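please find the sequence and the predicted model below.
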Amino acid sequence: MSELENTSLPEWAVGELQRPVKGTPEQRQRIMELVRSAERPRRRTTAAYQPRWFRRGLLSPSGAAIAAAFTAMVTFFGMPQSTGNTSAAFWAEATVIKDTVVSGKVTGRIASAITDTLRIVRFVINAPGATRIALVGQFNAWSKTANWLTQDEKTGMWIARLALPRGAERYAFVVDGDQWVGAPALQRMSVDSIAMSVGRMDSI
Amino acid sequence: MTLPDATIVRQVLGGDTEAFSHLVQRYHDRCLRLATHIVGNAEDAEDAVQESFLRAYRFLGSYQERDKFSAWLLRIVVNQCRTSVTRAKRQGIVMPLHDDDVLALPTVTHSTVDQDATREELAKAMQQLAPDQREAVVLRFSDELTFEEMAAVTGVGVSALKMRVQRACRRLRTLLTEDSHV
């Protein structure tokens, strides 16, 4: 028996299935009454579309295999480095390395005064794709050209070491001349608070 | 001039609720025929279609213009019919179909005894099909959709739909032959 015969019905049955069914004006009116009293539809946001497998929370066996392979690759080789300059990729930290080194020749009240007021702070920021980064803060009057970070060739991190006075110093990074990183979150941190914790600053 | 569906959808989403009546006018009969053949009685079909249009309105924002509006709407109707059939089963409602329901289907030509008999015979045979087969047969023959269009409406793969239609046709031919009609 051919496929056509397998998927065919008697002509009269097909005709019966195709016979128009007429709705009444009252039925349509009732629908519109319900529509008028319903909440207005909202436009779909751009993020609303999700593939069917995501909506159902299911993966086909092949999809699961691909996901497992991708996870294994990320585990062994890490995520590929982004070349874009996106703020989402930034992270930064500031670490008090030590109190100011005071020469042994300087003793007494002067030495203790210097030690007490200056600390060497190491600033590190990871900014993939950046070409130049400046450190700005109260200590340099928010100058975007006073203190530049240098990029470590091995790690790709941007680093600066500065001797800064204790106190309410606030700072931020300026990436490529116009992108401020850390403001306002980093600006609220102070070198003083770094000194108190002596170590890693909270993430931005 | 007939406005495209997508234009009407944009009008509704823009705040013109009354524009939705054009879509109701345009697709009500088609949805009603589909629902009538799937759920098997006029009253439940009317409820399913009414609920479908209401859902279509509420979720109109999720309709994407790259899709055919009719396919999107029919998908809602089919889902609503599935719900109706499932609910009827849980409640122990025997489907179908009272003869009154079959006879109550509107006609476009003069009704004769023969027509009523064939209508009743087909309706009874349809109700003996599995719900998924009945749904496939209705979409294929009543709405004359291609298998690809049916896949878009039902969310079922083309090959599975072909199998359903094939089995449904075989079963229907047997049922109708038993009643000595072919």
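Cool, the structure landed.

which residue ranges of chain A form strands?
A:91-99, A:118-126, A:133-137, A:147-148, A:150-151, A:158-165, A:171-175, A:179-181 (DSSP state E).

taking strand A:171-175 as reference, get the angle to the second one.
Comparing the axes of strand A:118-126 and strand A:171-175 via axes from the mean of the first three to the mean of the last three CA atoms, to 10 degrees yields an angle of 40 degrees.

got the buried residues for strand A:118-126?
Counting neighbours by 16 or more other CB atoms under 10 Å in any protein chain shown, one finds that the buried residues in strand A:118-126 are A:118-119, A:121, A:123-125. Yep, even glycine has a C-beta here, placed from its N, CA and C like the rest.

ok so, going back, rank the strands of chain A by mean pLDDT and give me the bottom one.
Averaged per stretch, pLDDT over the strands of chain A is lowest on strand A:91-99, reaching a mean of 66.

neighbours of B:V156, how many?
B:V156 has 17 neighbours, counted by other CB atoms under 10 Å in any protein chain shown.

sorry, slip of the keys, the one I care about is B:S21.
18.

ok, now which ones touch it?
Applying CB atoms under 8 Å, 6 or more residues apart in numbering or on different chains to B:S21 gives the contacts A:28, A:32.

with B:R30 instead?
B:70, B:74, B:143 are the contacts of B:R30 under CB under 8 Å, 6+ apart.

name the helix or strand for the closest residue in space to the second one that isn't next to it in sequence, please.
Distances taken as CB to CB, 6 or more residues apart in numbering or on different chains place B:V153 nearest to B:L74, at 4.8 Å, with adjacent residues excluded. B:V153 is part of helix B:147-154 when elements are defined by DSSP states H and E.

so which of the strands of chain A comes closest to chain B?
Across those, chain B has its closest neighbour in strand A:179-181 (34.9 Å, CB to the nearest CB).

the closest one - contacts with which helices or strands?
strand A:171-175 (3 or more CB pairs under 8 Å, 6 or more residues apart in numbering or on different chains; DSSP states H and E).

packing partners of the strand it packs on?
In terms of contacts (3+ CB pairs under 8 Å, 6+ apart), strand A:171-175 is packed against strand A:118-126, strand A:133-137, strand A:179-181.

which SS class is B:V49?
helix (DSSP: H, G, I helix; E, B strand; the rest coil).

burial count for it?
29.

would you mind measuring from it to chain A?
Distance, B:V49 to chain A, by CB to the nearest CB, to the nearest Å: 8 Å.

helices along chain B, start to end?
B:5-13, B:20-39, B:42-58, B:69-90, B:99-104, B:113-127, B:131-137, B:147-154, B:158-178 (DSSP state H).

so who does residue 161 touch?
In the absence of a named chain, chain A is used. A:97, A:120-123.

wrong one, chain B
The neighbours of B:L161, taking CB under 8 Å, 6+ apart as the test, are B:136, B:140, B:147, B:150-151, B:154.

same thing with B:R55?
Counting by CB under 8 Å, 6+ apart, B:R55 has contacts B:76, B:80.

do you know how far it is from A:R132?
56 Å (CB to CB, to the nearest Å).

what's the answer for A:K144, then?
For A:K144, the distance to A:R132 - CB to CB - is 10 Å.

any residues in contact with both of the two?
Residues touching both A:K144 and A:R132 (CB under 8 Å, 6+ apart): A:G177.

lowest-confidence helix or strand of chain B?
helix B:99-104 (a mean of 43; mean pLDDT, DSSP states H and E).

close to chain B: what parts of chain A are there?
A:3, A:6-10, A:12-14, A:16-23, A:27-28, A:30-32, A:34-36, A:38-44, A:48-49, A:52 (CB under 8 Å from any CB of the partner chain).

which entries within those meet the buried criterion?
Those of the residues of chain A next to chain B that meet the buried threshold are A:7-10, A:12-14, A:16-17, A:19, A:21, A:23, A:27-28, A:31-32, A:35, A:41, by 16+ other CB under 10 Å.

before we move on, the earlier item: pretty sure the residue nearest to B:L74 contacts B:L139?
Yes. Assessed by CB atoms under 8 Å, B:V153 is found in contact with B:L139 at 6.3 Å.

between the two, which contacts overlap?
B:74, B:78, B:145.

re the thing from before, using TSV, lay out the strands of chain A together with distance to B:Q166.
Output for the strands of chain A, formatted as TSV (distance: least, CB to CB, whole Å):
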stretch	distance to B:Q166
strand A:91-99	60
strand A:118-126	61
strand A:133-137	68
strand A:147-148	74
strand A:150-151	67
strand A:158-165	67
strand A:171-175	64
strand A:179-181	63
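
out of these, which is closest to B:V9?
Closest to B:V9 of the strands of chain A is strand A:179-181 (CB to CB; 40.3 Å).

from A:F139, how far out is A:W158?
The value you get for A:W158 to A:F139, if CB to CB is used, is 18 Å.

more neighbours: which of those two?
A side-by-side neighbour count of A:W158 and A:F139, using other CB under 10 Å, places A:W158 first with 23 against 20.

so what's the more buried one up against?
A:124-127, A:130, A:133, A:149-152, A:173.
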